[in-house]
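Trainee: Sequence and computational prediction follow.
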Amino acid sequence: MRAWLLFLALLAPIAVSAELRIATWNLEHLAEEEGAGCRERNEADYALLRRYAERLDADVVALQEVESVEAAQRVFDPRRYRIELSRRPDGRSGSCHARSEAWLTEQRTGFAIRKRVRYQRHPDLKALRVGGRHGVDITVYDGDAPLRLLSVHLKAGCFSSRRHTRRDRDCRVLEDQFAAVEGWIDARSRATEAAAVLGDFNRRLSRQDPLWRDLADGEPARLYLLTQGQRQACRGSYYGQPYIDHIVINHHAAHWRRTPLRALAYDEEGKAAPSDHCPLSLELSAP
């Protein structure tokens with residue numbers, strides 16, 4: 001009898017978790033070659049980034065500040081991940097000055113996608129273009145349920161509403177980019193698609209921020225800022241509380257089951273952090 005019950009148990013379907021762990025991570029001038037780029041790294045630095053990528057253990061990671069596919073593969077094992085980066089002409093520059101647009105040629109956006117995850121790539125959102133930083137647009141699937149994702153890296157220099165003015169060029173560019181993001185996510189909501197925007201917004205967003213109020217005006221559907229009210233857990237990075245990296249989901253994605261947003265803090269004390277941004281992640285599963 002016991003053997004028969006064991007046989008029946010083996011025939012029973014095995015429950016498999018369909019959760020997707022999604023994340024965003026600005027890798028701070030991740031160059032393809034050691035000693036190159038605006039942040040020079042050696043093999044030990046790349047190895048440290050790989051260890052944090054393993055700890056993050058995400059299915060889909062929105063990437064920012066990546067020079068090339070080969071650079072991303074130095075962090076995300078190509079045996080486990082596919083890399084999708086913004087499509088634009090290659091270019092390098094020796095200038096890393098904050099006010100120079102030339103260095104942005106080394107700052108591609110994109111995704112690292114675990115190979116078992118089914119996905120579809122869409123045309124880049126070129127309206128976000130600043131030095132070639134297009135938004136990268138994909139659909140990933142939790143089983144058969146689609147989730148549309150946009151990886152962004154928006155204009156720096158207009159970090160808060162306290163210094164926001166239309167006379168400031170950085171703020172004008174950022175406003176235009178927010179309008180493009182709003183157009184993209186509104187189109188997803190009208191199409192009843194679950195969608196999320198992930199990345200470096202270069203803005204300390206809150207419910208009171210005018211750019212957030214314009215983005216989340218409730219038309220055609222409500223948006224959710226998952227960093228809202230989150231306490232800073234990004235120990236060891238330059239960009240602290242409040243966050244400038246964010247994950248925003250629309251009303252349809254809000255129906256998916258999800259875990260709280262969390263930051264992967266760096267452990268290094270007395271040393272430079274692996275990146276000036278910490279990864280943010282959460283798990284989502286279709287309802």
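Mentor: Received, thanks. Numbering: from 1, shown residues only.
Trainee: who does the helix or strand hosting residue 27 touch, helix- and strand-wise?
Mentor: Using DSSP states H and E, residue 27 maps to strand 20-30. In terms of contacts (3 or more C-beta pairs under 8 Å, 6 or more residues apart in numbering; DSSP states H and E), strand 20-30 is packed against helix 43-56, strand 60-66, helix 69-73, strand 145-153, strand 195-200, strand 245-250, strand 280-285. Glycine gets a C-beta too; all of them are placed from N, C-alpha and C.
Trainee: I figured residue 156 hits residue 202, correct?
Mentor: Yes. The pair residue 156 / residue 202 is scored as a contact, 4.5 Å apart, by C-beta atoms under 8 Å.
Trainee: In JSON lines: the helices and strands packed on strand 20-30, plus distance to residue 162, mean pLDDT and mean neighbour count.
Mentor: Formatted as JSON lines, those follow (distance: least, C-beta to C-beta, whole Å; pLDDT from 0 to 100; neighbours: other C-beta atoms under 10 Å):
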{"stretch": "helix 43-56", "distance to residue 162": "33", "mean pLDDT": "97", "mean neighbour count": "15"}
{"stretch": "strand 60-66", "distance to residue 162": "24", "mean pLDDT": "97", "mean neighbour count": "28"}
{"stretch": "helix 69-73", "distance to residue 162": "35", "mean pLDDT": "97", "mean neighbour count": "19"}
{"stretch": "strand 145-153", "distance to residue 162": "22", "mean pLDDT": "97", "mean neighbour count": "24"}
{"stretch": "strand 195-200", "distance to residue 162": "20", "mean pLDDT": "98", "mean neighbour count": "27"}
{"stretch": "strand 245-250", "distance to residue 162": "18", "mean pLDDT": "97", "mean neighbour count": "25"}
{"stretch": "strand 280-285", "distance to residue 162": "24", "mean pLDDT": "96", "mean neighbour count": "21"}
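Trainee: To residue 272, which of the ones you listed lies closest?
Mentor: helix 43-56 (8.7 Å; C-beta to C-beta).
Trainee: chain center to the closest one: distance?
Mentor: Taking C-alpha atoms, centre = their mean, to the nearest Å, one finds helix 43-56 lying 17 Å from the centre of the chain it belongs to.
Trainee: again, but for stretch 279-287
Mentor: Here the centre of stretch 279-287 is set off from its chain's centre by 12 Å, with C-alpha atoms, centre = their mean.
Trainee: before we move on, what about stretch 127-143?
Mentor: The answer for stretch 127-143 is 10 Å, by C-alpha atoms, centre = their mean.
Trainee: mind checking the end-to-end distance for it?
Mentor: Criterion C-alpha to C-alpha, to the nearest Å; first-to-last residue distance in stretch 127-143 is 31 Å.
Trainee: Please apply the same query to stretch 61-77.
Mentor: 13 Å.
Trainee: ok now do residue 121, which residues does it touch?
Mentor: The neighbourhood of residue 121, defined by C-beta atoms under 8 Å, 6 or more residues apart in numbering, consists of 84, 136-138.
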